[in-house]
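Q: Give me a model of this one.
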Amino acid sequence: MTLKTKAIVLGGVDIKEKDRLIDLFTLEEGRITVSMKGVRGEKAKLKMAKEPFCFGEFVIEKGKSAIVTQVEIIDSFYDLTKDLDKYYEGFAILDMVKQITDQKDPQIFIETLKALKALCYENIKKYYVFNKFLMKITEILGFSFVKDRCGCCDALLGIVYFDLNKGCFVCPNCKTENSFKVSKDAFKGLEILRNIDYDKLDSINLALGSEKEMLKLLAINLEWREGIKVLKIK
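A: Predicted coordinates:
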C-alpha cells in the first residue's frame, strides 16, 4: 500500500549504519513512525528530509514496516537552526505536537505550520509564537478560557485569578485554594494573542515580563487538564 501525504518531521533516531527512524506528523493519519533508508550517507538524496521541522510531501510504502521512498520538500525551515532562541522555541512546538497527535487532527497540523512559518520568517519577540500556539492548542482541545467575565458568577473581571479546578478566570469572590492571581498585563496579553494572527505578531509589544507569565499559565493549565508537559525554553 502506498501513502502519499503532507507531513512534518518531528524528530527521529539513527538505526543501522545509515538509516533513520522518523516521527512524522501527517495530515491524513496523524503521527506515524517511518523508516528512511540510507539518509545518513553524505550523498543521500533525501538527507535533508530527515531533519526536524522539514515539511514536505512524503511517499510511504506500507507493508510490514513503513518506508519513505520519495520526498518533495516544501519547506525545511532551515533558518530556525541559525537562531538559538527560535530553534529552542521551534523544538518546544514539535514536542507539544508529539504529545497530542496520536489521532489525526487537521486543525493541529495547520496550526503547527502557521507557528513554524511565523517563527522562522518573521521578526517576532521570544515566546510570542509559542504562547499563541499553546493558546490555540488549548482551544482545539476544547478548553477556551479567555473571557472578560468571571467563569463562575459572570461578574466583570477587575482583579483576576485563574482557577485550575474550573479552567477559567475568576473574580476574588470565586477563587479557590487552586486559584492563582494573574497580572493585568498577562490577562490583557492573552486577550491580544487570542485575537491576532501569527503573521501580525511582529506588530505587537506586550508588557515586559508578561510573556513569561502567560507561558507559565498556559503550561500549568495544559498539564492540569491534559497531562501535557510543556518543554521549557532556554
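
Q: any chance you could map the helices in the chain?
A: Ranges of helices in the chain, per DSSP state H, are 84-100, 106-121, 128-140, 184-194, 210-226.

Q: Tell me the strands beside the longest strand along the chain, with direction?
A: Criterion DSSP state E: the longest strand present in the chain is strand 2-15. Here strand 2-15 has these sheet partners by DSSP bridges: strand 19-26 (antiparallel), strand 55-62 (antiparallel).

Q: follow-up on the earlier one: and among the helices of the chain, the most buried is which?
A: Compared across those, helix 128-140 shows the largest average neighbour count, a mean of 23 (mean count of other CB atoms under 10 Å). From N, CA and C alone the C-beta is placed, and that goes for glycine too.

Q: now the angle from that helix to helix 184-194?
A: In terms of direction (axes from the mean of the first three to the mean of the last three CA atoms, to 10 degrees), helix 128-140 departs from helix 184-194 by 70 degrees.

Q: most centrally placed residue in this structure?
A: With distances taken as CA atoms, centre = their mean, Ile93 lies nearest the centre of the chain, 3.4 Å away.

Q: Now do that residue against Asn123, distance only.
A: 18 Å (CB to CB, to the nearest Å).

Q: Angles on the backbone of the closest residue to Ile192 other than its chain neighbours, please.
A: Closest residue to Ile192 apart from its sequence neighbours, by CB to CB, 6 or more residues apart in numbering: Ile204 at 6.2 Å. Backbone torsions for Ile204, taken as degrees, to the nearest 10, come to phi -110, psi 150.

Q: contacting residues around Ile204?
A: By CB atoms under 8 Å, 6 or more residues apart in numbering, the residues touching Ile204 are 128, 192, 196.

Q: Right, I'll leave it there.
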